[in-house]
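[1] model this:
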Amino acid sequence: MSLNRLAFSATAHCLTGCAIGEVLGMIIGTALGFSDLGTIALAVVLAFFFGYLLTSLPLLRAGMALSAVIPLALASDTISIAVMEIVDNAIMLLIPGAMEAGLTNLLFWGSLTVALLVAGAAAFPVNRWLIQRGRGHAVVHAYH
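    All right, here's what the predicted structure looks like:
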């Protein structure tokens with residue numbers, strides 16, 4: 001597999017976990033009336049949780065011990081998820097009214113979609129750089 005294809009796959013994988021957590025966090029925080037920072041904090045925690053979970057499940061199903069899976073998930077996903085979360089949440093804060101728009105407003109969903117796509121684009125070169133150096137998802141792919 002080419003480096004770009006592997007980096008794209010790793011980015012799409014991370015983006016999936018991030019998006020699940022980010023969307024759930026934004027929905028829960030917005031529905032419960034959390035502050036912007038409270039909503040973002042919840043979304044970030046859930047993004048990391050789901051990102052790590054999506055990496056861990058196939059390794060656990062393959063018979064690896066949790067004690068071996070945890071360091072692999074942390075090594076493969078932390079930087080990518082962090083980049084995505086910084087970019088995604090910065091965009092949500094920078095788009096006027098996006099955080100306050102509410103769950104039934106197209107501004108909220110459109111902003112979140114744009115933010116996640118830009119976050120994925122920002123993480124691609126990071127993932128490519130990590131994989132090229134034998135880090136990031138390159139660590140996990142050795143076990144697939």
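[2] against Ala101, how distant is Leu112?
    To Ala101, Leu112 is 10 Å away according to C-beta to C-beta, to the nearest Å. In short, each C-beta sits where N, CA and C put it, glycine included.
[3] more crowded one of those two?
    Remark: of Leu112 and Ala101, Leu112 carries more neighbours, 23 against 18, as counted by other C-beta atoms under 10 Å.
[4] element containing that one, please.
    Using DSSP states H and E, Leu112 falls within helix 106-132.
[5] helix or strand with the lowest mean pLDDT in the chain?
    helix 137-141 (a mean of 66; mean pLDDT, DSSP states H and E).
[6] mind listing what Phe108 touches?
    Residues near Phe108 by C-beta atoms under 8 Å, 6 or more residues apart in numbering: 26, 30, 98-99, 101-102.
[7] tell me which of those residues is nearest to Ala41?
    Met26 (11.4 Å; C-beta to C-beta).
[8] stretch 128-137: how far from the chain's middle?
    From the chain centre to the centre of stretch 128-137 is a distance of 17 Å (C-alpha atoms, centre = their mean, to the nearest Å).
[9] got the contact list for that stretch?
    With C-beta under 8 Å, 6+ apart as the criterion, stretch 128-137 contacts 3-4, 6-7, 9-10, 13-14, 75-77, 79-80, 126-127, 138.
[10] in it, what counts as buried?
    Of the residues in stretch 128-137, 128, 130-131, 136-137 count as buried by neighbour count, 16 or more other C-beta atoms under 10 Å.
[11] confidence score at Thr78?
    As predicted, Thr78 sits at a pLDDT of 93.
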